[in-house]
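Participant: My questions concern the predicted model and sequence given below.
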Amino acid sequence: MTEHSSKQYDQDLEAVRSRMMQMGGLVESQIRAAMDGFLDGNLETIDQVVAADAKVNELELAIDDGLGHLIVRRQPAAGDLRLIMAMSKAVVDLERIGDEAAKIARMARELHAAPPAVNTRLATIAHISDTAIGLLRRALDAFARLDAAAAARVIGEDVAIDSEFTAIIRQLITFMMEDPRTISTSINILWVAKAFERIGDHAKNIAEQVIYVVRGRDVRHTPLAEVEREALGR
């Protein structure tokens, strides 16, 4: 590869990675807006989140196209090929996070259409939403910097979301047993909490791809202690 074509290749690769980060920023803002709509019932915000899902889907297709062109035209070797494969998988996770945000927005619309007397306990999931958004941001930051140690920390923190989700289930069951009128609302809140739990899973998947790029090891379905050793190169 000539110096000119090598420089162009690096620019093309960086352009696709930049677009992936743009997609990450969009889905993060989608989640925040969906949560705002969930808490305050603003229908304009809710509608904007649902509409933004189309933009996320467009970015997924554009990034996939860019990655495909890089593979065909440049025939990347080892490290770059791992990065391209990792971006391809991470983009799928980002698209699914966008789907979860749209799902939360649709649930928010349904919740706020319920009678005000039943429309309670919405703050129950405020903390799990903050945790999920924080995980996503740190996973994307680890990907941007290709920081395997930071990625391993994200993977370890996903356990916290799982624990919170279990606690929310118990709390909602208590609400429903105390007042059967809250059953419908509680079930919708449960689905929203599940969406945040899934967002945490997708953030973990993105973090796993960082370790794959940096260390050349697929750490999916690997015990956390081994993931941490791999990330630190021990």
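Facilitator: Great, that's in hand. Residues are numbered from 1 along each chain as shown.
Participant: now the helices: where do they sit in the protein?
Facilitator: For the chain, the helices identified by DSSP state H occupy 3-40, 43-74, 78-112, 126-145, 148-178, 183-215, 224-231, in order along the chain.
Participant: and the angle from the longest one to helix 78-112?
Facilitator: Spelled out, that is helix 3-40. Computed with axes from the mean of the first three to the mean of the last three C-alpha atoms, to 10 degrees, the direction of helix 3-40 lies at 20 degrees from that of helix 78-112.
Participant: cool, the fourth one as well?
Facilitator: Orientation note: helix 126-145 sits at an angle of 160 degrees relative to helix 78-112 (the same axes, to 10 degrees).
Participant: And the helix or strand of the chain with the lowest mean pLDDT, what does it pack against?
Facilitator: Among the helical and strand segments of the chain, the one scoring lowest on mean pLDDT, DSSP states H and E is helix 224-231, with a mean of 81. Using 3 or more C-beta pairs under 8 Å, 6 or more residues apart in numbering; DSSP states H and E as the contact criterion, the secondary-structure elements in contact with helix 224-231 are helix 148-178, helix 183-215. C-beta: built from backbone N, CA, C; applies to glycine.
Participant: any chance of the ones you listed in a markdown table, plus distance to Ser6 and mean pLDDT?
Facilitator: Compiled in a markdown table, those are given as follows (distance: least, C-beta to C-beta, whole Å; pLDDT from 0 to 100):
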| stretch | distance to Ser6 | mean pLDDT |
| --- | --- | --- |
| helix 148-178 | 26 | 91 |
| helix 183-215 | 20 | 93 |
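Participant: among the ones you listed, which is the most enclosed?
Facilitator: Neighbour counts (mean count of other C-beta atoms under 10 Å) averaged over each of the helices and strands packed on helix 224-231 peak at helix 183-215, with a mean of 22.
Participant: just checking, what packs against it?
Facilitator: Applying 3+ C-beta pairs under 8 Å, 6+ apart, we find helix 183-215 packed against helix 78-112, helix 126-145, helix 148-178, helix 224-231.
Participant: buried ones in the second one?
Facilitator: By neighbour count, and taking 16 or more other C-beta atoms under 10 Å as the criterion, the buried residues in helix 126-145 are 128-129, 131-136, 138-143.
Participant: can you check the shortest one too?
Facilitator: Buried residues in helix 224-231, counting neighbours by 16+ other C-beta under 10 Å, are found at 227-228, 230-231.
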